[in-house]
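Participant: Quick one, what's the 3D model for this:
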Amino acid sequence: MYVSKISIIIPFYNCPYINHALNSVVNQTYQNIEIIVVNDGSTQYSERIIPYLDSIKYIEKANGGTASALNMGIEHATGEYICWLSSDDVFYLEKTEIQLAFMKERNALFSYTNYYSINEKGTVVTGPLGIHFSNRLALIKRMSRGNIINGCSVMINKTVFNEIGIFDETLPYTHDYDLWIRIIQKYDIHYLAQPLLFYRIHKQMGTKKHADIIKKETKLVINRHKAKMKQLLLEQLRKR
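Facilitator: Predicted coordinates for the structure are as follows:
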């Protein structure tokens, strides 16, 4: 019986939590996975990867940002499905198994899941944070105003990249939002209500350190796709 392969890409840059991320992927209940760690020019904490080298595909590159690390991971991925895990976040041990079964059941090419936030110590500090919409029109309306999809909750069939392209490396902080908008224009977005990710909140996280830049970059992405998203909304309204 054929078993689909999943590639999990972990961009790494000076993150002290990398071993927690790696623990969560090497112990996945789903067996046919490859783990690709892309070291994006780190100067700290690389030694925390050493115990896992026998279990992962390890790539080193000059610092170029998360989008460039993800794109390099996609380039080297041999799985049919792609997941992304930030080096400070943690997957549920059943994440890949449950999400793949969910996608196959629905013939989905893209899905995202519910998730919890954790603190520096790994303690859950929120209830479920995933946002779900009852129909495609509501999702398009909301995504036209900003990103509500946590990138590390996503699973994507690799064929999607052949039509949509990869992450835009000129967008340091909103490359994920830009890609999701491009995907929404061509594919259905499926939501899995079960929380399968722990999203870590800490003082050094990029969303806190670069909040002002992220706001400006989000506006740029919204304006870039404004006309196409408006057209998409009108198409959905006509179908009702």
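Participant: residues near S87, how many?
Facilitator: S87 is flanked by 28 other residues according to other C-beta atoms under 10 Å. Backbone N, C-alpha and C define where each C-beta goes, glycine included.
Participant: Next, the contact list for the nearest residue to it once chain neighbours are set aside, please.
Facilitator: Spatial nearest neighbour of S87, excluding adjacent residues (C-beta to C-beta, 6 or more residues apart in numbering): C15 at 4.0 Å. Residues touching C15, when contacts are defined by C-beta atoms under 8 Å, 6 or more residues apart in numbering, comprise 21, 42, 45, 87-88.
Participant: please redo it, this time with the cut-off set to 10 Å
Facilitator: Listed by C-beta atoms under 10 Å, 6 or more residues apart in numbering, the contact set of C15 reads 21, 42, 44-46, 48, 86-89, 200, 202, 204-205.
Participant: What distance do you get for it to Y199?
Facilitator: 14 Å (C-beta to C-beta, to the nearest Å).
Participant: Quick check: neighbours shared by these two?
Facilitator: Common neighbours of C15 and Y199 (C-beta under 10 Å, 6+ apart) are 86, 88-89, 205.
Participant: Return the members of these classed as buried.
Facilitator: 86, 88-89 (16 or more other C-beta atoms under 10 Å).
Participant: Ramachandran coordinates for the residue nearest to S87?
Facilitator: For C15, the backbone dihedrals are phi -110, psi 120 (criterion: degrees, to the nearest 10).
Participant: Model confidence score at it, please.
Facilitator: Predicted confidence (pLDDT) for C15: 96.
Participant: Same question for G206.
Facilitator: For G206, pLDDT reads 68.
Participant: before we move on, which element is L192 in?
Facilitator: strand 190-200 (DSSP states H and E).
Participant: got the contact list for the helix or strand of the chain with the lowest mean pLDDT?
Facilitator: Least confident helix or strand of the chain, by mean pLDDT, DSSP states H and E, is helix 206-209 with a mean of 71. Residues from elsewhere that reach helix 206-209 (C-beta under 10 Å, 6+ apart): 13, 66, 86, 88, 172-173, 199, 201-203, 213-214.
Participant: mind checking the longest helix of this structure?
Facilitator: Using DSSP state H, we find that the single longest helix of the chain is helix 211-239.
Participant: residues contacting N150?
Facilitator: 84, 86, 89, 112-115, 129-131, 176, 197, 199.
Participant: Kindly state the pLDDT recorded for the spatially most central residue of the chain?
Facilitator: Centroid-nearest residue in the chain: G151, 2.5 Å away (criterion: C-alpha atoms, centre = their mean). G151 carries a pLDDT score of 97 in this model.
Participant: Quick check: the gap between it and T207.
Facilitator: 11 Å.
Participant: Between these two, which contacts overlap?
Facilitator: Common neighbours of G151 and T207, counting by C-beta under 10 Å, 6+ apart, are Y199.
Participant: Tell me which stretches of this structure form helices.
Facilitator: 18-26, 66-76, 95-106, 136-143, 159-164, 175-184, 206-209, 211-239.
Participant: For the protein, which residues score under the pLDDT cut-off?
Facilitator: 206 (pLDDT under 70).
Participant: give me that answer again for 80
Facilitator: The chain contains residues with pLDDT under 80 at 1, 204-210, 240.
Participant: in stretch 33-41, what's buried?
Facilitator: Neighbour-count burial for stretch 33-41 [16+ other C-beta under 10 Å]: 33-40.
Participant: likewise stretch 10-27?
Facilitator: In stretch 10-27, counting by 16+ other C-beta under 10 Å, buried: 10-15, 17-22, 24-25.
Participant: Same check on stretch 80-99?
Facilitator: 81-93, 95-99.
Participant: How far does stretch 201-211 sit from its chain's centre?
Facilitator: 17 Å (C-alpha atoms, centre = their mean, to the nearest Å).
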